[in-house]
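**Student:** Just the structure for this:
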Amino acid sequence: MEDAEPAIAAHWERCRESAVAGATREATDRIDLRIRAFFQALKALPQAPAEEEIVTALASLFDDLERIDQETGGGLLEEAERDLLEPLFLNAAEIAGLDPNNFPRREPAGRKLDFSVARER
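**Tutor:** Have a look, this model is predicted:
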């Protein structure tokens, strides 16, 4: 996460400067806190966690990010954010012991991180 934080922070800054819908400091801080909580949850898992534990943490993260996006007007988290964040999440899950090859379409959470779906609900 530490390696990705400068890129994520720069991305949020560009969003705020461009007046992207929902791109407030409060909203991006909420997202960053949730991402950090995901990494802490992975670190807190036992040495060889069951894949189900990792999948649960990943699915919960996706749900929470979709909810935050919806609560901020549904425009902050889009394709660029998915492309920035999803590989980071999946790499962390793999490091924690998840094998994405065990899942259809290599999607352990059962879906891609898709913020537009939250807006359609």
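**Student:** Pull out the buried positions in the lengthiest helix in the chain.
**Tutor:** The residue-count maximum for a helix in the chain (DSSP state H) belongs to helix 51-71. Neighbour counts over helix 51-71 (16 or more other CB atoms under 10 Å) mark 51, 53-55, 57-58, 61-62, 64-66, 68-70 as buried. C-beta coordinates here come from the backbone N, C-alpha and C atoms, glycine included.
**Student:** Now the helix or strand just after it: average pLDDT?
**Tutor:** Toward the C-terminal end, the helix or strand that comes next after helix 51-71 (DSSP states H and E) is helix 79-95. In this model, helix 79-95 has an average pLDDT of 91.
**Student:** buried stuff in helix 79-95?
**Tutor:** 81, 82, 85, 86, 88, 89, 90, 92, 93.
**Student:** which among these gets closest to residue 39?
**Tutor:** residue 92 (6.2 Å; CB to CB).
**Student:** Now the closest one: closest residue in space that isn't a chain neighbour?
**Tutor:** residue 42 (5.7 Å; CB to CB, 6 or more residues apart in numbering).
**Student:** tally of neighbours for that neighbour?
**Tutor:** 22 (other CB atoms under 10 Å).
**Student:** Please name the residues that touch it.
**Tutor:** Taking CB atoms under 8 Å, 6 or more residues apart in numbering, we find residue 42 in contact with 54, 57, 92, 93, 95, 96.
**Student:** isn't the last one right next to residue 44, touching?
**Tutor:** No. Residue 96 lies out of contact with residue 44 (CB atoms under 8 Å); the separation is 10.1 Å.
**Student:** So these two - more neighbours on which side?
**Tutor:** residue 96 (19 against 10).
**Student:** List the residue ranges of the chain that fall below the pLDDT cut-off.
**Tutor:** 109-121 (pLDDT under 70).
**Student:** ok, back up a step: for the longest helix of the chain, output the C-alpha coordinates as PDB.
**Tutor:** Once non-C-alpha atoms are left out, helix 51-71 reads as follows in PDB (Å, rounded to 0.1, in the frame of the first residue of the first chain):
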ATOM      1  CA  GLU A  51      -9.200 -18.300   0.700                       C
ATOM      2  CA  GLU A  52     -12.700 -17.600   2.000                       C
ATOM      3  CA  GLU A  53     -11.400 -15.200   4.600                       C
ATOM      4  CA  ILE A  54      -9.500 -13.200   1.900                       C
ATOM      5  CA  VAL A  55     -12.500 -13.300  -0.400                       C
ATOM      6  CA  THR A  56     -14.700 -12.000   2.400                       C
ATOM      7  CA  ALA A  57     -12.300  -9.100   3.000                       C
ATOM      8  CA  LEU A  58     -12.200  -8.300  -0.700                       C
ATOM      9  CA  ALA A  59     -15.900  -8.500  -1.300                       C
ATOM     10  CA  SER A  60     -16.500  -6.300   1.800                       C
ATOM     11  CA  LEU A  61     -14.100  -3.700   0.400                       C
ATOM     12  CA  PHE A  62     -15.800  -3.700  -2.900                       C
ATOM     13  CA  ASP A  63     -19.200  -3.300  -1.200                       C
ATOM     14  CA  ASP A  64     -18.000  -0.400   0.900                       C
ATOM     15  CA  LEU A  65     -16.300   1.400  -2.000                       C
ATOM     16  CA  GLU A  66     -19.500   1.100  -4.000                       C
ATOM     17  CA  ARG A  67     -21.500   2.400  -1.100                       C
ATOM     18  CA  ILE A  68     -19.100   5.400  -0.600                       C
ATOM     19  CA  ASP A  69     -19.300   6.200  -4.300                       C
ATOM     20  CA  GLN A  70     -23.100   6.100  -4.200                       C
ATOM     21  CA  GLU A  71     -23.200   8.300  -1.100                       C
END
